[in-house]
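Asks: pasting the sequence and the predicted coordinates here, then a few questions.
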Amino acid sequence: RRREQGVNYIRARVQVTANHADSFGHWQTKSCWPWGGNPQRPDFTRFNLDYFRSADKAMEKLAARGMGVELIMEAWML
């Protein structure tokens, strides 16, 4: 939709800490937790590969539509 409106660049925030773990929206279909474990018992020595596979698919779809993306990784004090 944004591309149809003439937009060719978007900016998105990427969650990287557990401080917003309770903000899972009813509209989300996948977890936004990038680490191993879960927000309540994180394992910062591993990555959640399902999360990154989903992110890669989204980036591929955006690139195929000529969209540029800026990912903002906010690290709230752990």
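Replies: Thanks, I have it.
Asks: hey, where'd the helices end up in the protein?
Replies: Taking DSSP state H to define them, one finds helices in the chain at 49-64.
Asks: adjacent strands (with direction) for the worst-scoring helix or strand of it on mean pLDDT?
Replies: None of the helices or strands of the chain scores lower by mean pLDDT, DSSP states H and E than strand 9-15, at a mean of 80. Sheet pairing for strand 9-15, assigned by DSSP bridges, gives strand 68-74 (parallel).
Asks: got the angle for the strand it pairs with vs helix 49-64?
Replies: Here the directions of strand 68-74 and helix 49-64 differ by 150 degrees (axes from the mean of the first three to the mean of the last three C-alpha atoms, to 10 degrees).
Asks: send the alpha carbons of strand 68-74 over as CSV?
Replies: This file holds the C-alpha atoms of strand 68-74, laid out as CSV (Å, rounded to 0.1, in the frame of the first residue of the first chain):
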residue,chain,number,x,y,z
GLY,A,68,14.4,0.9,1.1
VAL,A,69,14.4,0.1,4.8
GLU,A,70,16.0,1.6,7.8
LEU,A,71,15.9,-0.7,10.9
ILE,A,72,16.3,1.1,14.2
MET,A,73,17.6,-1.3,16.9
GLU,A,74,16.7,0.2,20.3
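Asks: from the chain's centre, how far out does it sit?
Replies: Strand 68-74 sits 9 Å away from the centroid of its parent chain (C-alpha atoms, centre = their mean, to the nearest Å).
Asks: tell me, what residue is most central in the protein?
Replies: residue 14 (4.4 Å; C-alpha atoms, centre = their mean).
Asks: and that one, what is it in contact with?
Replies: 34, 55, 71, 72, 73, 74 (C-beta atoms under 8 Å, 6 or more residues apart in numbering). C-beta here means a position set from N, CA and C on the backbone, and glycine is covered the same way.
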